[in-house]
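# Pasted the sequence and its predicted model underneath.
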Amino acid sequence: MRRELAYLMDILSAADELARFVADTNEVHFMGNKPQQSFVFHRLVVIGEAANSIPRELQARHPQVPWARLVALRNRLVHAYFDLDLPLLWNLASTQVTELHDQVAAVIRAEFPGAIEDAP
């Protein structure tokens, strides 16, 4: 069984990948590019799946992370993939993953000191 740190690192990694992705493209290009949409879709699913695997006790200690919203997003993506809101996906990838990254990095620093380096 995977440990909590591995799931938190999965969230961190997917958020990093999304942040790098949006730095290299724009919304107009994203809207017409199925491979880019798939990339964002998959990373958001990974984030939601990993969030769902975080024990409720750990989630309760860190309510600043929107755990339930992440899981709900994953469920929506997986079960209603045929009706994706592409502007919403773009918004999440371009504006909200940086905050999520910072929130999850703070959780890792609090729960697993030394697991990641403190970066400016």
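Received, thanks.

# tell me the secondary structure for the residue nearest in space to the middle of the chain?
Taking C-alpha atoms, centre = their mean, the centroid of the chain lies closest to Ile47, which sits 3.8 Å from it. Assigned with DSSP: H, G, I helix; E, B strand; the rest coil, Ile47 falls in the helix class.

# which residues sit in contact with it?
Going by C-beta atoms under 8 Å, 6 or more residues apart in numbering, Ile47 touches Asp10, Ile11, Ala14, Ala15, Leu70, Leu73, Arg74, Leu100. Every residue, glycine included, has its C-beta placed from N, CA and C.

# likewise Ala106?
His62, Gln64.

# pLDDT score for it?
For Ala106, the pLDDT comes out at 97.

# Over to the one 5 residues further on?
Reading off the confidence values, Glu111 has pLDDT 95.

# secondary structure element for the nearest residue to it once chain neighbours are set aside?
Among residues not flanking Glu111 along the chain, Leu58 sits closest, at 6.6 Å (C-beta to C-beta, 6 or more residues apart in numbering). If you go by DSSP states H and E, Leu58 is part of helix 56-61.

# Can I get the helix or strand just after that helix in PDB, CA atoms only?
Sequence order places helix 67-79 as the next helix or strand after helix 56-61, per DSSP H and E. Extracted in PDB, the C-alpha atoms of helix 67-79 (Å, rounded to 0.1, in the frame of the first residue of the first chain):
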ATOM      1  CA  TRP A  67      -9.700  17.800  -0.700                       C
ATOM      2  CA  ALA A  68     -13.400  17.300  -1.300                       C
ATOM      3  CA  ARG A  69     -13.400  19.600  -4.300                       C
ATOM      4  CA  LEU A  70     -10.400  17.800  -5.800                       C
ATOM      5  CA  VAL A  71     -12.200  14.400  -5.400                       C
ATOM      6  CA  ALA A  72     -15.400  15.800  -6.800                       C
ATOM      7  CA  LEU A  73     -13.600  17.200  -9.800                       C
ATOM      8  CA  ARG A  74     -12.000  13.800 -10.400                       C
ATOM      9  CA  ASN A  75     -15.400  12.100 -10.200                       C
ATOM     10  CA  ARG A  76     -16.900  14.600 -12.600                       C
ATOM     11  CA  LEU A  77     -14.000  14.100 -15.100                       C
ATOM     12  CA  VAL A  78     -14.100  10.400 -15.000                       C
ATOM     13  CA  HIS A  79     -17.800   9.800 -15.000                       C
END
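
# Okay then, goodbye and thanks.
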